[in-house]
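**Q** Got a predicted model here, sequence first, then my questions.
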Amino acid sequence: MTRVRIAPSILTADLGRLAEQITEAQEGGADWIHLDVMDGHFVPNITIGPLIAAAARAATSLPIDAHLMIEQPERYIGAFRDAGVDLLTVHVEACPHLHRTIQSIHETGAKAGVAVNPGTPVESIREILPSVDLVLMMSVNPGFGSQRFIEQSLAKIRRVRQMLEDVGQEEVELQVDGGVGESNIAQVVDAGATVVVAGSAVYNPQRSVRENIARLRRAAEG
C-alpha cells in the first residue's frame with residue numbers, strides 16, 4: 001500500500017504561533033504544509049496571502065501547496081511562487097482559460113493542480129488531466145474549516161482515480177480536502193486519494209499535533 005501523504009492545513013492552526021505550529025507538524029511527521037487562500041469573492045471567507053506563505057516557507061523545509069480559492073488566480077501565481085510555494089492549485093470553476101493558467105504555473109517552476117468543488121462534475125477536468133501534477137477533490141463546500149465530509153465525495157474520488165488511470169496519469173497526486181479525520185481517512189485513501197488535507201484533525205486542543213498526525217497515519221494505513 002502506498003503511504004498516504006498528510007498535509008496539515010494552517011487554516012485551523014494558531015496563526016499567532018504560525019512558525020511553532022508548522023514546526024510541530026513537520027516534526028510530527030507531516031509530509032506537506034497546506035495553505036488555504038480565500039478572497040471573499042470566489043468563496044465566502046478571507047484568509048491569507050503571499051506574506052503568510054513566505055512566513056510558512058521560512059518555518060519549514062516541507063513542500064508547501066497553496067489552494068487558491070480565488071477569482072482570477074493567474075494574477076497571483078508569481079507572488080505565491082516568489083513566496084516559496086511549491087505547488088499551486090486553481091479551481092476549474094474560477095478559470096475560463098484553465099490550460100493557460102496551468103501553463104503559467106508550470107512556467108514559474110512550480111507544480112500545478114486543479115481543484116473541483118462538490119457540485120461540479122468531475123468530467124469538467126478530463127481534458128486537463130494530462131497537464132496537471134495534482135487533482136484536488138473538495139469534500140466540503142470551500143470557504144470554512146471544520147465542516148462535515150460530504151459522503152458522495154467517495155464516489156467522485158473513485159471516478160477521478162479511474163479517469164487518471166484511463167489517460168495514463170496514475171502518478172498524478174489525488175488530494176482530498178474537507179472533513180477528513182480518523183473515522184473516514186481509510187475510506188478516502190481506499191477510494192484513491194494519495195494526499196489528505198487535515199485541518200482540525202491535526203490542530204485541535206484534544207491532543208498534540210504529533211499525536212494527531214500519528215493517529216491519522218495509523219487509521220489510514222490500518
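**A** Here it is on my side, so go on. Numbers count the residues shown, from 1 in each chain.
**Q** ok, now how distant is residue 107 from residue 101?
**A** Remark: distance between residue 107 and residue 101 (CB to CB, to the nearest Å) = 11 Å. To be clear about C-beta, it is placed using only N, CA and C from the backbone, and glycine gets the same treatment.
**Q** Next: residue 139.
**A** From residue 139 to residue 101 the distance is 23 Å (CB to CB).
**Q** Residue 35 against residue 56, yeah?
**A** Yes: at 6.5 Å, residue 35 counts as touching residue 56 under the criterion of CB atoms under 8 Å.
**Q** Mind checking which of those two has more residues around it?
**A** residue 35 (28 against 25; other CB atoms under 10 Å).
**Q** got a list of what the more buried one touches?
**A** Taking CB atoms under 8 Å, 6 or more residues apart in numbering, we find residue 35 in contact with 9, 10, 48, 52, 53, 56, 64, 65, 66, 67, 85.
**Q** ok, and the most crowded of those?
**A** Of those, with other CB under 10 Å as the count, residue 66 tops at 30 neighbours.
**Q** name the element that residue belongs to?
**A** Using DSSP states H and E, residue 66 falls within strand 64-69.
**Q** ok, and what's touching that strand?
**A** Counting by CB under 8 Å, 6+ apart, 7, 32-39, 42-43, 53, 56-57, 76, 80, 84-91, 94, 113, 115, 134, 136, 142-143, 175, 177, 197 sit against strand 64-69.
**Q** how about the helices in the chain?
**A** Taking DSSP state H as the criterion, the chain carries its helices at 18-27, 50-59, 77-82, 98-107, 153-166, 185-191, 209-221.
**Q** Turn these into TSV, including mean pLDDT and distance to residue 130.
**A** Converted to TSV, the helices of the chain look like this (pLDDT from 0 to 100; distance: least, CB to CB, whole Å):
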stretch	mean pLDDT	distance to residue 130
helix 18-27	98	32
helix 50-59	98	28
helix 77-82	98	20
helix 98-107	98	10
helix 153-166	97	10
helix 185-191	97	22
helix 209-221	96	28
